[in-house]
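In: Let me see the structure of the following:
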Amino acid sequence: MTLRLDDAPARGGAAPSHDAARPATNDASAPAMRHFDFATLPAPDRYRLLTAAVLPRPIAWAVTRSAEGRVNAAPYSFFNVFGSDRPVVCLGVLARPDRPKDTAVNIRATREFVINLVPFALAEAMNLTCVEAPPEVDETRLAGLATLPSVAVRPPRIAASPVAFECRLIHEFESGPGQWLFVGEVLHAHVATRVLTGNPERPRIDHEALDLVARMHGPSAYLRTRDVFDLVRPIWADTAPQSTETHCKERQA
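Out: Numbering: from 1, shown residues only. Model prediction:
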């Protein structure tokens, strides 16, 4: 299914204002804020603000195959998992000034792609596949990456990646000229046994063994995902404020 953002107001057009209905606040703890009207900002400034604020971003190392059979590999940080029943991932591919990106062309033509995750050990190879190569260049060969056949889709997976998801396109959404959001259903997952732990029937993935990298701000900043802390999810029955009636009954007792 192809969707387009046809109903959105034109860039620069007036958007409805809700400020009049919004109650004023005088919270001294609120930080000082600066407002940016994205309708008036140039596209490079919008990109810079968005990508410097939404951090860290997981990386999808997308492998696709063209209708003619050529393999393409490229990393994208506009990516995440968005459901488990159906299991779906979303991949955002931005526009390019001179020609469409090979990833977008291939996904639209074949409706298949493979998402490989990027460990620190493969960061250099991943970065090499960022190059703006001609469509006939196979970036996996350029980066010296071995590939393995997939089970249900034509694009291969990167052999050294610890996790790979075989995906079939179920929705495509053109959110701007040449800017695409692809929703793919995960058909198969391939996980390296070295990162699996716990009960073999229901294994968990050891995030430290994965040692994934993520995108940060600017054109070249990355992060290793090793700084982890735990927060126990609260239970409503333990945290809900007691009603006045219940409180009075307890005091009378």
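In: can we go C-alpha only for contacts and neighbour counts from here?
Out: OK.
In: And the strands in the stretch 1-150 of the chain?
Out: Remark: strands assigned in the stretch 1-150 of the chain by DSSP state E, counting those that start in this stretch are 2-4, 57-58, 60-65, 71-76, 79-84, 87-93, 112-116, 147-148.
In: ok, the closest residue to Val81 other than its chain neighbours - how many residues close by?
Out: Nearest residue to Val81 in three dimensions, chain neighbours excluded: Val89, at 4.2 Å (C-alpha to C-alpha, 6 or more residues apart in numbering). Other residues near Val89 number 22, with proximity taken as other C-alpha atoms under 10 Å.
In: The one 3 residues further on too?
Out: Around Gly92 there are 21 other residues, counting by other C-alpha under 10 Å.
In: per-residue confidence for the closest residue to it other than its chain neighbours?
Out: Spatially, and ignoring its direct neighbours in sequence, Gly92 is nearest to Leu181 (4.5 Å; C-alpha to C-alpha, 6+ apart). Here, the pLDDT recorded for Leu181 equals 97.
In: Now do the helix or strand Leu181 falls within: everything it contacts.
Out: Assessed by DSSP states H and E, Leu181 sits inside strand 179-191. Applying C-alpha atoms under 8 Å, 6 or more residues apart in numbering, the contact partners of strand 179-191 are 86-95, 104, 151-152, 162-175.
In: Could you rerun that using 6 Å?
Out: Strand 179-191 is contacted from outside by 87-95, 162-174, using C-alpha atoms under 6 Å, 6 or more residues apart in numbering.
In: and those, which are buried?
Out: Among those, those scoring as buried are 88-94, 162-169, 171-174 (criterion: 16 or more other C-alpha atoms under 10 Å).
In: just the CA coordinates of the longest helix along the chain, formatted as CSV?
Out: Longest helix in the chain, counting residues (DSSP state H): helix 43-53. C-alpha atoms of helix 43-53 as CSV (Å, rounded to 0.1, in the frame of the first residue of the first chain):
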residue,chain,number,x,y,z
ALA,A,43,15.4,21.9,5.3
PRO,A,44,19.0,21.6,6.5
ASP,A,45,18.2,23.4,9.7
ARG,A,46,15.2,21.1,10.4
TYR,A,47,17.4,18.0,9.8
ARG,A,48,20.1,19.3,12.1
LEU,A,49,17.7,20.0,14.9
LEU,A,50,15.9,16.7,14.6
THR,A,51,19.0,14.5,14.4
ALA,A,52,20.7,16.3,17.2
ALA,A,53,17.8,15.9,19.5
